[in-house]
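Participant: sequence and predicted structure, then a few things I'm wondering about:
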Amino acid sequence: MLSHTHTFLLIDADYTVIDNIPIVRLYGRTKDGRSIVAFDNTFEPYFYALPKPGALKTLQKNLKTLKITTDTDETITIKKTETIKKTIGTENATLLKIYSHIPGHIPKIKDAIKDMPELDKKFEFDILFFRRYLMDKNLLPMTFIEATGKEPEQPLKDTVQSDITLLITSIKNTKQQNYTPKILSFDLETMQEGIAQKIILASIYTQGNYKKVLAYVEDNYPHSTILKDEKELLQKLAETIIKKDPDIITTYNGDSFDMPIIHDRSKKYKTPMILGRDKREITFHSRGRTTPAVTRGRIHIDLYQFISVIMRATIKSEVMTLNAIAAELLDERKKEMTWDQMKENWKHKKNLDKFAEYCLHDSLITYKLSKLILPNIFALSRLTGQIPSDVCRMTYGQLVESYAMKSASEKNIIIPNRPTSETIRERRQIESFTGAFVVEPKPGLHENIAVFDFRSLYPSIIVSHNIDPCTFMCSCCKTSDTNRVPGTDYYFCTKKNGFIPRALASLIKKRIAIKTKMKTTKPATPKYTDLYAQQYALKTVSNAFYGYLGFAGSRWYRRQCGESVTAFGRDYIHKVIDLAKTHGFEVVYGDTDSVFLKLIDTRQDLEKAAKKYLKEVNSHLPGIMELEFEGTFRRGIFVKKKTGTGGAKKRYALIDNEGNLTIRGFEKVRRDWSKLSKDTQEKVLRLVLSNQVDDAVSHVKEVVIRLKTGQVPLEELGIYTSVKRDLNDYEQIGPHVAAARKAQKRGIQIIPGQTIKYIITAGRGTISDKAELIQFAKDYDKDYYIKKQILPAAMRALSVFNITEEELMCEGKQTALSSFAKKS
DNA sequence: TTTGGTGTGGTCTGGA
DNA sequence: TCCAGACCACACC
């Protein structure tokens, strides 16, 4: 039979078993736009066994005759065994590679042999078959690969729908080509009908400005297609997606909303929804935190998953709704339509064109978000070797772990086993270790501040001090004093490089190279976007390594490693502080890896002194460690602690020479404060940093009056808080829990993880008694908002100028006398 | 089961 | 009624 060769972008992978033969399926797209599925039936499932010393031969012999009978009377045997040399930690070892017939046998064989006296340890038995394949063949998702093979047999061919199918005889990496994956975004609008969610609209947006709304009530919207009913809508949706044949189907929260609804409704109508290239319906496999809705080949990426987990810390918005995220990341304005309006419109079948437009807009902004975010997901895919549909649902721990596993495999190092739940529990119970050092600031206004920070402090410590579970207290260095951890009896090997430091060093090196390249690349070009995504992926994974070492679920867990990293960190920041003092600086503040300095002699030139200091610090730093000059700030405010004495850590505001504000820790940057108090505080901070304390005071007074006279709309008074657990599991009932419980009684569903918005309403009782979700609030408690929202937020900045609450609370002019009179 | 520790501050709770 | 300590959420790095 004729042999073919195809070069294609690898987008997805899975495996199936036919006639007891496991077959890896690689889904992709050729450069000329044809879909392809390449099958490989030559890869064999396996895991490793480490025999007890001298027991290798016996173990091998015993395994040969092993027969396992399962509950279903199936007999499982081992396909074959091989001896193989690998590195365990830093030691070389000879292991037995145990092959099974199908992947599903591996856990059963592993369990069956666990009591064999010749067996010491088992490794790499929980790596999913197709992931093992990609790892062993060095194939990276979202890169081009070249496969040679022949026409598959019909039964195999029939498992998928694709322009090209190929039974692989050989496969390898190849030169990268230009191909931008085709993205399609869709969105549903639903209405509650009895206990079911009924789909009333579906919209699709894809490249070439393709816009489509599917409906079954005439709406006179130019992009609408009017169908007979919901069943036809579903059919048309599937048909359109298949016809458009995207590589990526993106949704915003499709895992828990759009996809399950499509699935449920299609069950009701018995119209299977096959959106992927395998011939299966959408599958849902609960994976703890999430239940991914998976379509194969045409992969479903839920942007919400990635944004809410990996991008969470970079998102400023109080809520994670599509509109809020689009507003923040795309600067897109909302289409104004409230849920109540939609319900009304649907009920009376009016303004349906607006409804359709609204629905389409959601698909459009999902598409635009995809364009922005998918490059980052793809870059992480290439870095970790995991398929994008997995990457978009990963946590930081999983990203680091994937990268570490891939690196270990490349270096012929055995991947440590995942801890058992028992081990995880034990690890969690151990006392946590000491972390970073934070300088207590002197409250007040400071002028001309220079800010420095270490470039990637913890990653560079891990690399520079060879911090790794296997180099910790090594026997070869025993009494070595050259790499001792400050303030402890710990040390790390100085002879052999650890696996983690090596893996991390390569990430850091690559990132530096990319950042250099970016400087000579024109921004807003595809090349630049790609470089940005690459460095983003490298940074994301590097920064999570330290946490991963101390993470109870980690395969490379070693508490003392995390402890050592922070101990070195504290040592370095102290050294940097000490040196600053010898350079005529006063240390204003510092946290973990940063120092804020000002000159004691203010006649000196700050920039000059800063540069000189920087040069000296860096001349003393080992390895790849480096202190960086962040810049200078015209003024900065640090405030008193509310309780106790001294300055508050992690709360400050800076203004630079261009008038830009940097606000950290204050109510302004917290979502669990009302918009009114946040806005007021920001204004106060800006005025105070511009030496306009009087204006700040009068601004607060105005706000107080607005509150007193009931002029403030409820919208500005809502407080966002997330409900972290089931409403029955709280020991203490705070305002947000009280509000949520009341709402639940009115039939509103409250799920753990949800963010609610509540108001403290007028009335009597405790604050919790008065808390109501904003949609149920009719008024607000003036006293609460003045005394517990506006004044505390404003006073934070004003109390350093000895202004009192009383001065802010009174209308009109305030004198020292009347203030005194009020107190007594 | 879903990277780490440090830190602030609001509200509730229960005992004096 | 007052107050300390617990609980809770969210920020910083």
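Facilitator: Everything's here; your move.
Participant: let me see the mean pLDDT of stretch A:457-467.
Facilitator: Model confidence over stretch A:457-467 averages 97 on the pLDDT scale.
Participant: quick one: residues in contact with that stretch.
Facilitator: A:454, A:468, A:483, A:485, A:492-494, A:497-498, A:500-501, A:504-505, A:507-508, A:542-543, A:545-546, A:549, A:561, A:564-566, A:568-569, A:572, A:592-593, A:622-626 (CB atoms under 8 Å, 6 or more residues apart in numbering). The way it works is simple: take the backbone N, C-alpha and C, and place the C-beta from them, glycine included.
Participant: for DNA strand C, give me its nearest residue in the stretch 251-400 of chain A.
Facilitator: Of the residues in the stretch 251-400 of chain A, the one nearest DNA strand C is residue A:313, at a distance of 6.6 Å by CB to the nearest atom of the strand.
Participant: that residue looks like it's in a helix, true?
Facilitator: Yes: in this structure, residue A:313 lies within a helix as judged by DSSP: H, G, I helix; E, B strand; the rest coil.
Participant: what distance do you get for it to residue A:199?
Facilitator: When CB to CB, to the nearest Å is applied, the distance between residue A:313 and residue A:199 equals 35 Å.
Participant: compare neighbour counts for the two and give me the winner.
Facilitator: For residue A:313 against residue A:199, the residue with the higher neighbour count under other CB atoms under 10 Å is residue A:199, and the figures read 24 against 7.
Participant: that one: what secondary structure?
Facilitator: strand.
Participant: my guess is it meets residue A:232, correct?
Facilitator: No: in this structure, residue A:199 is not within contact of residue A:232 by CB atoms under 8 Å, at 11.0 Å.
Participant: residue A:49 contacts residue A:59, doesn't it?
Facilitator: Yes: using CB under 8 Å, residue A:49 and residue A:59 qualify as a contacting pair, with a distance of 6.9 Å.
Participant: mutual contacts of these two, please.
Facilitator: Applying CB under 8 Å, 6+ apart, one finds that residue A:49 and residue A:59 are jointly contacted by A:96, A:119.
Participant: next structured bit after the helix or strand hosting residue A:636?
Facilitator: Secondary structure assignment for residue A:636, by DSSP states H and E: strand A:627-640. Using DSSP H and E, the helix or strand that directly follows strand A:627-640 along the chain is strand A:647-655.
Participant: give the rounded mean pLDDT of that next one.
Facilitator: With pLDDT averaged residue by residue, strand A:647-655 scores 97.
Participant: what angle do that strand and strand A:627-640 make?
Facilitator: Between strand A:647-655 and strand A:627-640, the angle comes out at 110 degrees (axes from the mean of the first three to the mean of the last three CA atoms, to 10 degrees).
Participant: and strand A:647-655, which strands flank it?
Facilitator: Under the criterion DSSP bridges, strand A:647-655 sits next to strand A:627-640 (antiparallel), strand A:661-664 (antiparallel) in its sheet.
Participant: which secondary structure elements does the helix or strand where residue A:61 lies contact?
Facilitator: Of the helices and strands defined by DSSP H and E, residue A:61 is found in helix A:56-64. The helices and strands touching helix A:56-64, judged by 3 or more CB pairs under 8 Å, 6 or more residues apart in numbering; DSSP states H and E, are strand A:46-51, strand A:75-88, strand A:91-100.
Participant: where does the nearest residue to residue A:742 once chain neighbours are set aside fall, phi/psi-wise?
Facilitator: Using CB to CB, 6 or more residues apart in numbering and skipping residues adjacent in sequence, the residue nearest residue A:742 is residue A:772, 6.3 Å away. Note on residue A:772: its backbone torsions stand at phi -140, psi 150 [degrees, to the nearest 10].
Participant: for DNA strand C, see how far away residue A:772 is.
Facilitator: Counting by CB to the nearest atom of the strand, to the nearest Å, the gap between residue A:772 and DNA strand C amounts to 17 Å.
Participant: quick check: mean pLDDT of stretch A:217-233?
Facilitator: For stretch A:217-233, the per-residue pLDDT averages 95.
Participant: centre of the chain to stretch A:462-481, how far?
Facilitator: In terms of CA atoms, centre = their mean, to the nearest Å, the gap separating the centre of stretch A:462-481 from the centre of its chain is 31 Å.
Participant: which parts of the strand holding residue A:636 are buried?
Facilitator: By neighbour count on 16 or more other CB atoms under 10 Å, the buried set for strand A:627-640 is A:627, A:629, A:632, A:633, A:634, A:635, A:636, A:637, A:638, A:639, A:640.
Participant: mind exporting it as PDB, just the C-alpha atoms?
Facilitator: Listed in PDB are the C-alpha atoms of strand A:627-640, where the atom choice follows Å, rounded to 0.1, in the frame of the first residue of the first chain:
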ATOM      1  CA  LEU A 627      18.700  43.500  42.000                       C
ATOM      2  CA  GLU A 628      16.800  45.800  39.600                       C
ATOM      3  CA  PHE A 629      16.100  49.500  39.900                       C
ATOM      4  CA  GLU A 630      12.300  49.900  39.600                       C
ATOM      5  CA  GLY A 631      12.300  53.700  39.500                       C
ATOM      6  CA  THR A 632      11.800  56.800  41.600                       C
ATOM      7  CA  PHE A 633       8.600  58.200  43.100                       C
ATOM      8  CA  ARG A 634       7.900  61.800  44.000                       C
ATOM      9  CA  ARG A 635       6.000  60.900  47.100                       C
ATOM     10  CA  GLY A 636       4.600  58.000  49.000                       C
ATOM     11  CA  ILE A 637       2.200  57.500  51.800                       C
ATOM     12  CA  PHE A 638       2.400  54.800  54.500                       C
ATOM     13  CA  VAL A 639      -0.300  54.600  57.100                       C
ATOM     14  CA  LYS A 640      -0.800  53.600  60.700                       C
END
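Participant: anything in that strand near DNA strand C?
Facilitator: No: Strand A:627-640 lies apart from DNA strand C when judged by CB under 7 Å from any atom of the strand; the minimum separation is 10.3 Å.
Participant: what of stretch A:582-590?
Facilitator: No: judged by CB under 7 Å from any atom of the strand, stretch A:582-590 stays clear of DNA strand C, getting no closer than 8.2 Å.
Participant: tell me the contacts of the residue most central in space within chain A?
Facilitator: What sits nearest the mean C-alpha location of chain A, by CA atoms, centre = their mean, is residue A:310, with 1.0 Å. With contacts taken as CB under 8 Å, 6+ apart, residue A:310 has the following neighbours: A:394, A:395, A:396, A:399, A:540.
Participant: what's the closest of those residues to DNA strand B?
Facilitator: residue A:395 (2.6 Å).
Participant: pretty sure that closest one sits against residue A:290.
Facilitator: No: between residue A:395 and residue A:290 there is no contact, the gap being 9.6 Å when judged by CB under 8 Å.
Participant: wasn't residue A:453 part of a strand?
Facilitator: Yes: with the criterion set as three-state DSSP, the secondary structure at residue A:453 is a strand.
Participant: I'd guessed it sits against residue A:630; true?
Facilitator: Yes: counting by CB under 8 Å, residue A:630 is a contact partner of residue A:453 at 5.8 Å.
Participant: follow-up on the earlier one: can I get the contacts of residue A:310 in CSV including distance to residue A:182?
Facilitator: Shown next, in CSV, are the contacts of residue A:310 (distance: CB to CB, whole Å):
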residue, distance to residue A:182
A:394, 24
A:395, 28
A:396, 29
A:399, 26
A:540, 26
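Participant: of those, list those near DNA strand C.
Facilitator: Restricting the contacts of residue A:310 to contacts with DNA strand C (CB under 7 Å from any atom of the strand) yields no residues.
Participant: can you tell me which of these is nearest residue A:30?
Facilitator: Proximity to residue A:30 was ranked across those by CB to CB; first place goes to residue A:394, at 28.0 Å.
Participant: is the closest one in a helix, a strand, or coil?
Facilitator: Residue A:394, by the three-state scheme (three-state DSSP), is coil.
Participant: that one: neighbouring residues, count only.
Facilitator: Residue A:394 has 22 nearby residues by other CB under 10 Å.
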